[in-house]
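Peer 1: No sequence on hand, only this structure:
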């Protein structure tokens with residue numbers, strides 16, 4: 001097990017569990033810890049024994065967004081600001097994308113701001129029926145362009161814009177309809193749903209899971225003919241490589 005004061009990483013067979021562990025504070029994460037979090041997710045998924053990374057949050061809420069550290073001044077120069085804050089946030093998204101195996105978010109309570117965008121960026125998300133999602137940054141007239149960049153590949157543009165402009169809360173059913181989450185469980189059923197999902201992946205070939213994630217990460221942005229050829233190349237590589245050391 002590896003630890004940080006904001007999260008911990010546990011390895012359980014083929015599952016790497018990354019847990020946001022400041023539930024009393026809503027599992028908020030400051031930019032420096034975001035860099036560590038993203039690196040931990042990628043490192044856990046790069047372990048050759050790992051077939052899936054599970055991202056969870058302790059307590060009532062999954063993640064209430066970015067943590068503001070008292071006494072830390074906002075950089076006044078654009079380059080410094082971009083490196084310290086947007087760079088850290090975008091780095092987490094990139095680490096999730098570049099984690100070789102699927103990353104699954106288990107969501108209870110509220111996923112707000114950065115927490116909502118992190119759910120969107122994960123490959124799969126399972127939410128409890130009472131889970132709530134929001135992008136409230138415009139309450140402070142802060143355009144959440146970073147969160148939008150995480151949501152757009154998974155959600156309709158008008159749905160993302162609606163969340164951003166209204167700053168309203170979206171329930172789990174609407175999040176499912178908009179593609180923000182993959183599955184909604186009954187009240188109290190999140191743990192069982194996660195266990196059932198993990199069971200469907202841990203007995204699969206790791207290289208096959210990697211191929212699926214690689215394809216899904218690139219194919220949606222490709223022209224149809226290119227996506228088809230890419231699919232053929234990946235499946236040919238996988239089918240001729242099985243059984244090799």
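Peer 2: Structure's in. What do you need? As the structure is a computational prediction, the values presented were derived from the model and not from experiment.
Peer 1: Domain-wise, how is the protein divided?
Peer 2: Under the assignment automatic domain parsing, the domains of the chain span 2-201, 205-241.
Peer 1: For those, give me JSON lines that also has mean neighbour count and mean pLDDT.
Peer 2: Any C-beta I mention is one placed from the backbone N, CA and C, and that applies to glycine too. Shown next, in JSON lines, are the domains of the chain (neighbours: other CB atoms under 10 Å; pLDDT from 0 to 100):
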{"stretch": "domain 2-201", "mean neighbour count": "18", "mean pLDDT": "92"}
{"stretch": "domain 205-241", "mean neighbour count": "13", "mean pLDDT": "91"}
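Peer 1: can you give me the helices in this protein?
Peer 2: 31-46, 78-84, 86-98, 114-121, 145-151, 157-166, 172-177, 190-202, 206-218, 224-241 (DSSP state H).
Peer 1: would a markdown table of those helices with distance to residue 16 be doable?
Peer 2: Formatted as a markdown table, the helices of the chain follow (distance: least, CB to CB, whole Å):
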| stretch | distance to residue 16 |
| --- | --- |
| helix 31-46 | 4 |
| helix 78-84 | 28 |
| helix 86-98 | 13 |
| helix 114-121 | 16 |
| helix 145-151 | 21 |
| helix 157-166 | 29 |
| helix 172-177 | 25 |
| helix 190-202 | 11 |
| helix 206-218 | 12 |
| helix 224-241 | 22 |
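Peer 1: Nearest to residue 68 among the ones you listed would be which one?
Peer 2: Closest of the helices of the chain to residue 68 is helix 31-46, at 10.0 Å (criterion: CB to CB).
Peer 1: For the closest one, which outside residues touch it?
Peer 2: Here helix 31-46 makes contact (CB atoms under 8 Å, 6 or more residues apart in numbering) with 2, 4-7, 9, 11, 16, 18, 20, 29, 50, 53, 55, 66-67, 84-85, 87-89, 91-96, 98-101, 103, 114.
Peer 1: and if you look at stretch 141-151?
Peer 2: 86, 89-90, 93, 113-114, 116-118, 120-121, 135, 137-138, 160, 163-164, 180.
Peer 1: so what's the residue nearest to the spatial centre of the chain up against?
Peer 2: The centroid of the chain falls nearest to residue 122 when counting by CA atoms, centre = their mean (2.8 Å). By CB under 8 Å, 6+ apart, the contact set of residue 122 is 55, 96, 103, 104, 105.
Peer 1: Quick check: bridge partners of the last one?
Peer 2: The one in question is residue 105. residue 55, residue 125 (DSSP bridges).
Peer 1: thought it was touching residue 115?
Peer 2: No - shown here, residue 105 and residue 115 do not form a contact pair, counting by CB atoms under 8 Å, at 9.4 Å.
Peer 1: which residues are in contact with both of those two?
Peer 2: Here residue 105 and residue 115 share the contacting residues residue 62, scored by CB under 8 Å, 6+ apart.
Peer 1: closest to residue 129 out of the helices of the chain?
Peer 2: Comparing these by CB to CB, helix 172-177 comes nearest, at 5.5 Å.
Peer 1: Can you list the helices and strands that the closest one packs against?
Peer 2: strand 124-128, strand 132-134, strand 183-185 (3 or more CB pairs under 8 Å, 6 or more residues apart in numbering; DSSP states H and E).
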